[in-house]
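Asks: below are the sequence and a predicted model; questions follow.
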Amino acid sequence: QVQLVESGGGLVQAGGSLRLSCAASGHTFSSYAMNWFRQAPGKEREFVAAISKTGVDTHYADSLKGRFTISRDNAKNTVYLQMNSLKPEDTAVYYCAANYGVMEVMEAYMDYWGKGTLVTVSS
């Protein structure tokens, strides 16, 4: 059984920063590409960022490039999402997801999900 536990969410003012973490257990972390998705109130869940098994390759939603950075520490079984210059429209529940093998961006390819962490950006 694979567990993914997100942390680091909270309330932040517009223009501020947050770093989310996702701790993984129960599997060989370095065998999985890792991903962040988010779901804003009343909207469908959307892709945010992905990182390859080694961390060499990353991919971002076009609208978030330059503000969000995904990284991973395979020694700590943890993936991170650094979020800068936050906007009220970034308010959402942020989910960590793992997929075995190469990077994917579609939800259907995700093998495991965390329960999410809420990020609220005030104006």
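Replies: Looks like it came in fine.
Asks: now do the contacts for the closest residue to Val102 other than its chain neighbours.
Replies: In space, Val102 comes closest to Ala33 once its chain neighbours are excluded; the distance is 6.3 Å by CB to CB, 6 or more residues apart in numbering. (Each C-beta comes from the backbone N, C-alpha and C, glycine too.) When contacts are counted by CB atoms under 8 Å, 6 or more residues apart in numbering, Ala33 is found next to 50-53, 98-104.
Asks: just say helix, strand or coil for Ala33.
Replies: Following DSSP: H, G, I helix; E, B strand; the rest coil, Ala33 is assigned to strand.
Asks: what about it, distance to Asp90?
Replies: 23 Å (CB to CB, to the nearest Å).
Asks: my read: Gln82 touches Arg67, true?
Replies: No - here Gln82 does not reach Arg67: they are 9.2 Å apart, not a contact under CB atoms under 8 Å.
Asks: hey, what's the nearest residue to Cys96 once chain neighbours are set aside bridged with?
Replies: In space, and not counting its chain neighbours, Cys96 is closest to Cys22: 3.3 Å by CB to CB, 6+ apart. Counting by DSSP bridges, Cys22 forms beta bridges with Glu6, Val79.
Asks: chain neighbours aside, what residue packs nearest to Gly8?
Replies: Leu20 is the one closest to Gly8 (CB to CB, 6+ apart), at 4.2 Å.
Asks: just the CA coordinates for the host helix or strand of that neighbour, please, in CSV.
Replies: Taking DSSP states H and E as the definition, Leu20 sits inside strand 18-25. Output in CSV follows, covering the C-alpha atoms of strand 18-25 (Å, rounded to 0.1, in the frame of the first residue of the first chain):
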residue,chain,number,x,y,z
LEU,A,18,4.3,28.7,0.3
ARG,A,19,6.1,25.4,0.0
LEU,A,20,4.1,22.2,-0.1
SER,A,21,5.6,18.8,0.8
CYS,A,22,4.4,15.3,0.0
ALA,A,23,5.9,12.5,2.0
ALA,A,24,5.7,9.1,0.4
SER,A,25,5.9,5.7,2.0
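Asks: give me the helices and strands touching it, please.
Replies: strand 3-7, strand 32-39, strand 78-83, strand 92-100, strand 117-122 (3 or more CB pairs under 8 Å, 6 or more residues apart in numbering; DSSP states H and E).
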